[in-house]
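Asker: Fold the following and give me the result.
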Amino acid sequence: MEIRLAKYFLAVAREKNFTRAAEILHVSQPSLSKQIKELEEEFGKKLFVRQSSGIKLTEEGIFFKNRAADLVELHEKIESEMKNSEIGYGEIFFGLAESFQIKFVAQAIKNLKTYSDLKFSVISGDTEQIIDKLDNGILDFAVLAENPDFHKYNFLQFPEADEWGLIIPADDEIAQKKFITFEDLIGLPLFCSGQSWRKEISEWCGGQTEKLNLAGSFKLSYNGAVFVREKLGYLLTFDKLINFEELVFRPLYPKCETKLYLVWKKFPKFSPAAEKFLAEIKILFAESN
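Answerer: As a prediction, the model looks like this:
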């Protein structure tokens with residue numbers, strides 16, 4: 001399958017309309033329809049079904065959409081590396097968890113950019129999404145807020161740890177507390193990422209999350225904080241992520257911390273830019289320790 005066809009398919013899937021997709025791709029609608037039909041024949045599967053309101057992905061189409069997106073990303077990564085193969089030039093691809101310690105990644109990139117035309121691309125997502133892209137070669141590095149598979153990946157532990165706590169409206173009665181206990185959380189509408197609720201928060205409270213009210217799930221703490229600002233609930237997240245005047249952070253007690261890891265595949269085929277980044281961040285970690 002040609003990369004061009006994957007891009008055609010993704011455009012149709014995104015627009016849910018052959019006419020609009022054809023205009024974006026600068027091809028005729030009949031030509032685009034023919035290309036998609038040939039793609040379906042190649043796979044022996046229907047990727048779209050036509051409805052009165054437009055077109056809809058089949059189950060096979062949904063599966064292929066994710067794989068086609070990865071394929072296009074990998075192609076663009078390879079293309080970037082080949083065009084910028086000189087030492088000190090190129091692009092680095094990251095998958096990052098939310099943490100104040102991302103400052104080390106930014107500092108390493110800043111140091112490298114003082115003497116090279118370095119470019120970088122960053123995606124966010126949950127651990128499963130990021131690891132999948134790392135395994136498929138789309139990412140050079142992942143920053144994970146959980147222990148990596150030591151048999152599968154090389155890793156560096158970040159110098160500090162992220163402390164868990166509760167984001168609270170500053171004028172809320174509970175904001176008067178210096179720290180937040182499990183008993184304080186009972187009865188409160190809570191926001192948290194689904195992954196952290198099942199892991200860190202469950203471990204912290206001894207598996208008693210069924211006694212708590214998870215009112216909403218957010219992958220990005222900023223979005224959760226906006227809901228807290230509107231007094232729709234309280235956000236469980238790391239310290240030093242939210243900086244709204246109307247909100248305050250109170251740490252959990254007993255203390256709950258998460259270690260952060262920079263992860264990459266064993267036996268990687270790094271670009272010169274990725275190799276330089278790894279050397280630079282090792283220096284920063286050593287200096288911080």
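Asker: Tell me where the protein has strands.
Answerer: In the chain, the strands defined using DSSP state E lie at 48-51, 54-57, 90-96, 118-124, 141-144, 153-169, 189-192, 213-217, 234-238, 247-251, 257-265.
Asker: Could you identify which of these is most buried?
Answerer: Among the strands of the chain, judged by mean count of other Cβ atoms under 10 Å, the one packed with the most neighbours on average is strand 234-238 (a mean of 27). The way it works is simple: take the backbone N, C-alpha and C, and place the C-beta from them, glycine included.
Asker: State the distance from the residue nearest to Phe94 when sequence neighbours are not counted to Thr114.
Answerer: Distance criterion Cβ to Cβ, 6 or more residues apart in numbering; nearest residue to Phe94, sequence neighbours excluded, is Val122 at 4.9 Å. Relative to Thr114, Val122 is positioned 20 Å away (Cβ to Cβ, to the nearest Å).
Asker: got a list of what Arg198 touches?
Answerer: Thr209 (Cβ atoms under 8 Å, 6 or more residues apart in numbering).
Asker: per-residue pLDDT, it?
Answerer: We have a pLDDT of 94 for Arg198.
Asker: Next: Ser193.
Answerer: Looking at Ser193, its pLDDT reads 94.
Asker: re the thing from before, a markdown table for the strands of the chain, including distance to Val226?
Answerer: What follows is these, written out as a markdown table (distance: least, Cβ to Cβ, whole Å):
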| stretch | distance to Val226 |
| --- | --- |
| strand 48-51 | 35 |
| strand 54-57 | 30 |
| strand 90-96 | 20 |
| strand 118-124 | 16 |
| strand 141-144 | 24 |
| strand 153-169 | 11 |
| strand 189-192 | 10 |
| strand 213-217 | 11 |
| strand 234-238 | 10 |
| strand 247-251 | 10 |
| strand 257-265 | 23 |
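Asker: number of nearby residues for Asp149?
Answerer: 9 (other Cβ atoms under 10 Å).
Asker: And the one 3 residues further on, by the same measure?
Answerer: Close neighbours of Lys152, defined as other Cβ under 10 Å, add up to 13.
Asker: From what I see, it and Trp264 are in contact.
Answerer: No - the pair Lys152 / Trp264 is not scored as a contact, 10.6 Å apart, by Cβ atoms under 8 Å.
Asker: Would you check that Ile36 makes contact with Lys46?
Answerer: No - with contacts counted by Cβ under 8 Å, Ile36 stays clear of Lys46, the gap being 10.3 Å.
Asker: Neighbour count: these two, which is higher?
Answerer: Ile36 (21 against 12).
Asker: wait, what's in contact with that one?
Answerer: Neighbouring residues of Ile36 by Cβ under 8 Å, 6+ apart: 8-9, 12, 18, 47-48.
Asker: export those residues to a markdown table and tack on distance to Ser99 and pLDDT?
Answerer: Shown next, in a markdown table, are those (distance: Cβ to Cβ, whole Å; pLDDT from 0 to 100):
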| residue | distance to Ser99 | pLDDT |
| --- | --- | --- |
| Tyr8 | 38 | 86 |
| Phe9 | 35 | 86 |
| Val12 | 37 | 87 |
| Phe18 | 43 | 88 |
| Leu47 | 38 | 89 |
| Phe48 | 40 | 87 |
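Asker: per-residue confidence averaged over stretch 210-228?
Answerer: 96.
Asker: got it, and stretch 25-39?
Answerer: 87.
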